[in-house]
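Asker: Kindly return the folded structure for what I paste below:
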Amino acid sequence: MTAQADSTNALLALIRDGKKMRLGQQLHLAVWLSIPAVIAQLSSIVMQYIDAAMVGHLGAEASASIGLVSTTTWLFSGLCVAASAGFSVQVAHEIGADDMRGARTVLRQALTATLVFSMSLAALGAIISGALPGWLGGDVSIYRDASLYFLIFALFLPALQMNILASGMLRCSGNMRVPSMLGVAMCVLDVVFNFFLIFPSRELHVAGAAFTMPGAGLGVVGAALGTAAAETVVAGILLWYLWIRSSELKLAGEQGSFRPKRTTLRKALRIGLPMGIEHVVICGAQIMTTVIVAPLGVFAIAANSFAITAESLCYMPGYGIADAATTLVGQSVGARRWRLTRSFAYITVLMGMGVMEVMGVLMYLFAPQIIGLMTPVEEIRELGVMALRIEAFAEPMFAASIVAYGVFVGAADTLTPCMMNFFSIWAVRLSLAALLAPSLGLKGVWIAMCVELCFRGIIFLVRLRRERWLRKCMRQSL
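Answerer: Numbers count the residues shown, from 1 in each chain. Purely as a prediction, here's the structure:
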């Protein structure tokens with residue numbers, strides 16, 4: 001592992017030093033940055049899968065209470081990601097230009113700015129938590145659990161923000177390994193905390209011996225607390241590593257102001273604001289989808305939530321490769337190596353499409369087993385399997401949009417992709433879903449999603465191929 005990390009760091013140094021990179025070296029670097037990034041992304045989804053599977057055994061209403069607010073939690077999480085990216089992309093450019101002091105200056109300002117942002121977001125979430133289930137059209141029977149789940153999520157948003165920021169900064173410096181390892185550790189902690197918090201004290205039998213296993217019996221609330229606790233512990237470790245151990249970004253022993261400067265904030269807004277809008281657009285559409293699905297009943301809400309979580313296991317490798325694309329393109333742009341920037345863009349997009357095509361095939365074949373692990377309710381299982389098998393056909397084109405977006409983020413070009421997402425989701429997906437849901441039910445909603453993802457992948461590939469994003473970088477560097 002250390003030898004591989006040294007090899008990766010040596011290849012990243014070639015970007016900063018302006019030295020020629022062979023195609024084999026570019027492929028090697030893209031693969032070895034992608035693998036830990038994929039593991040990190042998968043670990044975050046496994047946490048959601050764990051929560052869904054554990055709560056699923058409490059019954060359909062418990063599952064529906066989390067499913068109802070899940071799209072809103074993704075919206076708030078996405079805003080935290082956008083806030084972090086506004087600064088981490090700047091750090092990637094500074095490192096690509098071999099200005100480590102400048103990168104650390106941005107990091108200090110990012111810590112203050114994102115902490116203030118996440119605390120404001122937490123306050124907003126706490127305020128709306130009581131009314132949210134009603135706004136989303138959920139059944140009265142799940143109001144209380146859904147509201148409490150979202151309230152706990154909101155209160156721990158600052159910890160989630162620090163987790164996202166520290167992971168993003170390390171990835172943009174080329175360190176994919178530490179966020180990946182800690183992502184896996186967070187999954188383990190989530191299982192442990194959930195095990196004791198969700199279920200009540202019960203008698204277990206192991207190898208013929210019986211013993212009492214203590215438990216808090218908090219149900220849905222226990223799932224929220226378990227996830228929040230795991231995120232908080234890992235956020236502390238990531239911040240410690242970033243502060244003390246990171247060779248490029250450690251702040252220990254160096255003086256500097258943590259007060260955000262106008263120029264840094266302006267750049268962060270230029271990068272992060274369109275990303276934030278994009279997350280609002282996507283998650284707003286998911287919330288509208290929830291509103292469309294909610295009248296279909298508790299089984300449909302739970303199946304929709306489980307299918308989205310299960311599908312995430314398929315498309316999260318795309319997001320991991322997109323993280324690698326952002327790092328590679330960002331550092332190449334910082335070093336003003338335009339041919340290398342183009343090469344990394346195409347390598348990562350094609351890699352993402354290939355990986356997610358395989359994942360789509362696996363998702364289609366093993367849909368019954370995947371959904372079966374999450375719920376014992378037969379009605380939910382049938383609907384969930386149907387949804388996954390429809391969506392499997394869209395995975396390669398979904399990958400194209402995900403990884404191409406990561407390329408554009410690395411190039412600090414986020415406004416146009418945001419508008420593309422807005423048009424694709426609201427004009428194509430929601431229109432089709434509203435049209436098909438009354439006659440086809442949940443099946444119509446997922447057909448609409450499949451069609452829209454294919455359309456979105458096509459328009460992102462067209463934009464990547466035209467290379468206006470690259471010419472924009474070249475003009476800004478003059």
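Asker: okay but Thr414 is in contact with His279, surely?
Answerer: No. The pair Thr414 / His279 is not scored as a contact, 11.0 Å apart, by CB atoms under 8 Å. The way it works is simple: take the backbone N, C-alpha and C, and place the C-beta from them, glycine included.
Asker: The two: which has the busier surroundings?
Answerer: The residue with more neighbours, out of Thr414 and His279, is Thr414; 25 against 21, by other CB atoms under 10 Å.
Asker: Kindly provide the distance from that one to Met356.
Answerer: Distance of Thr414 to Met356, computed by CB to CB, to the nearest Å: 22 Å.
Asker: Return the residues in contact with the residue lying farthest from the centre of the chain.
Answerer: Distance from the C-alpha centroid of the chain, by CA atoms, centre = their mean, peaks at Gly208 (43.0 Å). With contact set as CB atoms under 8 Å, 6 or more residues apart in numbering, Gly208 has no partners.
Asker: again with the one 4 residues further on
Answerer: Applying CB under 8 Å, 6+ apart, one finds that Thr212 lies in contact with Ser201, Arg202, Glu203, Leu204.
Asker: Ile308: helix or strand, and which one exactly?
Answerer: Taking DSSP states H and E as the criterion, Ile308 maps to helix 298-334.
Asker: Tell me, what's the model's pLDDT at Gln161?
Answerer: Note for Gln161: predicted pLDDT of 96.
Asker: Also Met47?
Answerer: 69.
Asker: Kindly report the same for the one 3 residues further on.
Answerer: We note a pLDDT of 69 for Ile50 in this prediction.
Asker: Over to Gly457?
Answerer: Looking at Gly457, the pLDDT reads 96.
Asker: from what I can see it touches Phe393, true?
Answerer: No. Counting by CB under 8 Å, Gly457 stays clear of Phe393, with 11.7 Å between them.
Asker: So between those two, which is more surrounded?
Answerer: Each of Gly457 and Phe393 has its neighbours counted (other CB under 10 Å); Gly457 has more, 24 against 14.
Asker: returning to that earlier point: quick one: mean pLDDT over the helix holding Ile308.
Answerer: Mean pLDDT, helix 298-334: 85.
Asker: how far does that helix sit from the chain's center?
Answerer: Here the centre of helix 298-334 is set off from its chain's centre by 6 Å, with CA atoms, centre = their mean, to the nearest Å.
Asker: Check stretch 278-297 too.
Answerer: Stretch 278-297 sits 17 Å away from the centroid of its parent chain (CA atoms, centre = their mean).
Asker: Now do the buried residues in that stretch.
Answerer: Neighbour counts over stretch 278-297 (16 or more other CB atoms under 10 Å) mark 278-290, 292-294, 296-297 as buried.
Asker: what does stretch 203-216 give?
Answerer: Applying 16+ other CB under 10 Å to stretch 203-216 flags no residue as buried.
Asker: Low-confidence stretches in the stretch 351-478 of the chain?
Answerer: The model of the stretch 351-478 of the chain has pLDDT under 70 over residues 478.
Asker: Just the helices from it, written as ranges.
Answerer: For the stretch 351-478 of the chain, the helices defined by DSSP state H, counting those that start in this stretch cover 367-372, 378-391, 395-410, 415-422, 430-440, 442-466, 468-477.
Asker: now swap in the stretch 51-200 of the chain and tell me
Answerer: 60-96, 100-128, 132-135, 143-155, 157-172, 177-197.
Asker: of those, which approaches Ala387 most closely?
Answerer: Evaluated over the helices of the stretch 51-200 of the chain, closeness to Ala387 peaks at helix 60-96, with 12.5 Å, by CB to CB.
Asker: what angle sits between the closest one and helix 298-334?
Answerer: Going by axes from the mean of the first three to the mean of the last three CA atoms, to 10 degrees, helix 60-96 is angled at 0 degrees with respect to helix 298-334.
Asker: returning to what we had before: nearest to Ser120 among the contacts of Thr212?
Answerer: The nearest member of the contacts of Thr212 to Ser120, counting by CB to CB, is Ser201 at 39.3 Å.
Asker: Could you pull up the residues touching that closest one?
Answerer: Contacts of Ser201 (CB under 8 Å, 6+ apart): Thr212, Met213, Pro214, Gly215, Gly217.
Asker: likewise Met21?
Answerer: Taking CB under 8 Å, 6+ apart as the test, what Met21 contacts is Leu11, Leu14, Ile15, Leu29, Leu340.
Asker: Specify which member of those is nearest to Ala437.
Answerer: Closest to Ala437, out of all of the contacts of Met21 and judged by CB to CB, is Leu29, at 44.9 Å.
Asker: I'd guessed that closest one sits against Ala325; true?
Answerer: No. Leu29 is not in contact with Ala325 according to CB under 8 Å; the separation is 11.4 Å.
Asker: Just want to know which of these two has more residues nearby.
Answerer: Counted by other CB under 10 Å, Leu29 and Ala325 do not tie: Ala325 has more neighbours, with 31 against 24.
Asker: Now do the contacts for that one.
Answerer: Residues near Ala325 by CB under 8 Å, 6+ apart: Ala30, Phe344, Ala345, Thr348, Val349, Gly352, Val403, Gly406, Val407, Gly410.
Asker: Show me which residues of stretch 363-382 are buried.
Answerer: Met363, Tyr364, Ala367, Ile370, Ile371, Met374, Thr375, Val377, Ile380, Arg381.
Asker: who's in contact with the fourth one?
Answerer: The neighbours of Ile370, taking CB under 8 Å, 6+ apart as the test, are Ala310, Leu313, Met363, Leu388.
Asker: and the third one, what does it touch?
Answerer: Applying CB under 8 Å, 6+ apart, one finds that Met363 lies in contact with Ala310, Glu311, Leu313, Cys314, Ile370, Leu388, Arg389, Glu391, Ala392, Glu395.
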